[in-house]
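*Asks:* take a look and give me a structure for this.
(one chain, ligands or ions: 1)
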Amino acid sequence: MKTIIVYTSKYGCTEKAADVLKSRMGGEVEVINLRRTQEPSLREYDTVILGGSIYYGKIQKEMTAFVNKVMPQLASKRVGLFICAGNKDQAAQELQTAFPEVLLQAAVATEVFGDEIYYSKLSLIDKFILRMVKGKEQKSGSGLSLETIEKFAQSMTH
Ligand SMILES: Cc1cc2nc3c(=O)[nH]c(=O)nc-3n(C[C@H](O)[C@H](O)[C@H](O)COP(=O)(O)O)c2cc1C
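*Replies:* Below is the predicted model:
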């Protein structure tokens, strides 16, 4: 079984999630950051996992463009979809709008992995906007669920 994990990440949470997922998958796993690497060919992979993070309700545009481009190829793959998102009330809905409906229905696993925010890393504008939206500065820290990532990996490999 050959797996590729393709992700988009702004501050590194999704990157960390992709690396943890890789370590839990077993077999041969390639991990590609779509914002730093050329769009990969999916030809040699039978399992394709796509993940991104949510800003203002949406997944990164690079992920949406990539998914739209490779949709026909995904029909013959085992597909897994995940997001990293901080808004617990909205995340399930954000997952539904992050990827096309047909892909969500065909996927072997779909999950929200949680979030991670370190205020010192944020750009001034992101800090400012987050403070406006949330009312006050939130605590920095990781809310990534290793348990959820583990469960996702099990679904993908069984
Ligand atoms: C400016 C800003 C806007 C955000 N907007 C949302 C949002 O609309 N919904 C949500 O669930 N999470 C939102 N988040 C939380 C991120 O999705 C979360 O921190 C995620 O872990 C970031 O992953 P990344 O570091 O891979 O980009 C926002 C975070 C920031 C800094």
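
*Asks:* avg pLDDT for stretch 120-139?
*Replies:* Mean pLDDT, stretch 120-139: 81.

*Asks:* now that stretch - C-alpha only, PDB.
*Replies:* Extracted in PDB, the C-alpha atoms of stretch 120-139 (Å, rounded to 0.1, in the frame of the first residue of the first chain):
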ATOM      1  CA  SER A 120       3.700  34.700  19.100                       C
ATOM      2  CA  LYS A 121       3.600  33.100  15.700                       C
ATOM      3  CA  LEU A 122       0.600  35.000  14.300                       C
ATOM      4  CA  SER A 123       0.900  37.900  11.900                       C
ATOM      5  CA  LEU A 124      -0.300  41.200  13.300                       C
ATOM      6  CA  ILE A 125      -3.400  41.200  11.100                       C
ATOM      7  CA  ASP A 126      -4.300  37.600  12.200                       C
ATOM      8  CA  LYS A 127      -3.700  38.500  15.800                       C
ATOM      9  CA  PHE A 128      -5.900  41.600  15.400                       C
ATOM     10  CA  ILE A 129      -8.700  39.800  13.600                       C
ATOM     11  CA  LEU A 130      -8.700  36.900  16.000                       C
ATOM     12  CA  ARG A 131      -8.900  39.300  19.000                       C
ATOM     13  CA  MET A 132     -11.900  41.100  17.300                       C
ATOM     14  CA  VAL A 133     -13.700  37.800  16.600                       C
ATOM     15  CA  LYS A 134     -13.000  36.200  20.000                       C
ATOM     16  CA  GLY A 135     -13.300  39.400  22.100                       C
ATOM     17  CA  LYS A 136     -10.000  38.900  23.900                       C
ATOM     18  CA  GLU A 137      -6.700  37.000  23.400                       C
ATOM     19  CA  GLN A 138      -7.100  33.300  23.800                       C
ATOM     20  CA  LYS A 139      -4.600  31.000  25.400                       C
END
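
*Asks:* so what touches that stretch?
*Replies:* Around stretch 120-139, the neighbours that count as contacts under CB atoms under 8 Å, 6 or more residues apart in numbering are 11, 12, 117, 119, 140. Backbone N, C-alpha and C define where each C-beta goes, glycine included.

*Asks:* is the fourth one in contact with residue 140, as I believe?
*Replies:* Yes. With contacts defined as CB atoms under 8 Å, residue 119 counts as touching residue 140 at a distance of 5.0 Å.
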